[in-house]
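Undergrad: Predicted coordinates and the sequence they were generated for:
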Amino acid sequence: MMTRPNPIRLMLVDDHRVVHQALAEMISFVEDFELVAQGSNGQEAITLCAEFQPDIILMDVVMPVMDGIEATSRILSDNPHIKILALSSFQDEVSVNSMLKSGAVGYILKNTSVDELESIIRTVAEGNTVIDSSLMQKILQPNLSHYSNASLSPRELEIIKMISRGMSYNQIADSLTISLSTVKFHIGNILSKLGVETRNEAIVVAAKSNII
C-alpha cells in the first residue's frame with residue numbers, strides 16, 4: 001500500500017483506558033498514522049487540540065467534565081480545518097444527530113473492525129463523510145417523500161454530488177467556474193430544501209433518499 005507523504009496525525013478522546021490501549025496499538029501498526037495526543041474528556045480535547053493540531057480527532061460522545069458534542073462544536077469554531085469522527089458505543093438518534101449538527105464528519109461504532117477503522121480514517125482524511133451503515137435508519141428521522149419533493153435544481157444536484165465526494169467549496173467553485181459566494185448560495189438552498197443544518201447532514205439525507 002502506498003503511504004502518504006505526511007502521516008495522518010490522530011488524536012483520541014475517550015474516557016475508557018481500554019479504548020486508548022486498543023486504538024493506540026492499532027495506530028502503531030499503520031505506517032502513515034501518527035497518534036499525537038490522547039484525552040479522556042472534552043475539556044482535555046480542547047486543550048490538546050490547541051497544542052497538537054491533529055488532522056483527525058476520534059471523539060467519544062458521552063464523557064465526564066465535557067461531552068463530545070460540546071467539545072466538537074467548540075473545537076471546530078476555532079479549528080474548522082480539523083476533522084472530527086465520532087467513535088461511540090451509543091447508537092441513539094439524539095447522539096448521532098447531535099454530533100453531526102456539531103460538525104462531526106462521521107459517526108461510527110466502537111465495534112468497528114480494525115481494518116474497517118483504518119479504511120474509514122483514510123476516507124475521512126480525504127474529506128469524505130462516513131456514517132456507520134447500521135445507523136442510517138435511525139438518523140434524521142427521514143421522510144423520504146419530503147426529500148424526494150425537495151426539487152433540487154440541476155446545479156444544486158451537481159453541487160451536492162461534489163460535496164459527497166469530499167470536494168471543498170473552493171474546489172467546487174473552480175470546477176464549475178463560478179464564484180465562491182455562488183457556491184455558498186447554492187449550498188444554503190440545498191440545506192434549506194433538505195431541512196438540515198450542516199453539509200454532513202445534507203450528504204446523509206441525499207444518500208438515503210437516492211438524490212445522490
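TA: Okay, I see it.

Undergrad: Just list the residues touching the residue nearest the centre of the chain, thanks.
TA: Taking Cα atoms, centre = their mean as the criterion, Val105 is the residue nearest the geometric centre of the chain, at 0.8 Å. Taking Cβ atoms under 8 Å, 6 or more residues apart in numbering, we find Val105 in contact with 83-85, 124, 128-130, 200. (C-beta placed from N, C-alpha, C; glycine too.)

Undergrad: Can you tell me which of these is nearest Val96?
TA: For Val96, the closest of the contacts of Val105 turns out to be Asn200, at 10.9 Å, with distances computed as Cβ to Cβ.

Undergrad: ok, so of the contacts of Val105, who is nearest Val19?
TA: The shortest gap between Val19 and any of the contacts of Val105 belongs to Leu85, at 13.7 Å (Cβ to Cβ).

Undergrad: Pop the domain breakdown of the protein in here.
TA: With automatic domain parsing serving as the domain definition, the record reports that the chain contains domains spanning 8-135, 144-208.

Undergrad: Pick the most buried one from these.
TA: Of all the domains of the chain, domain 8-135 has the most neighbours on average by mean count of other Cβ atoms under 10 Å, namely a mean of 18.

Undergrad: where along this structure do the strands fall?
TA: Ranges of strands within the chain are 8-13, 33-39, 56-59, 83-88, 106-109, 130-131, based on DSSP state E.
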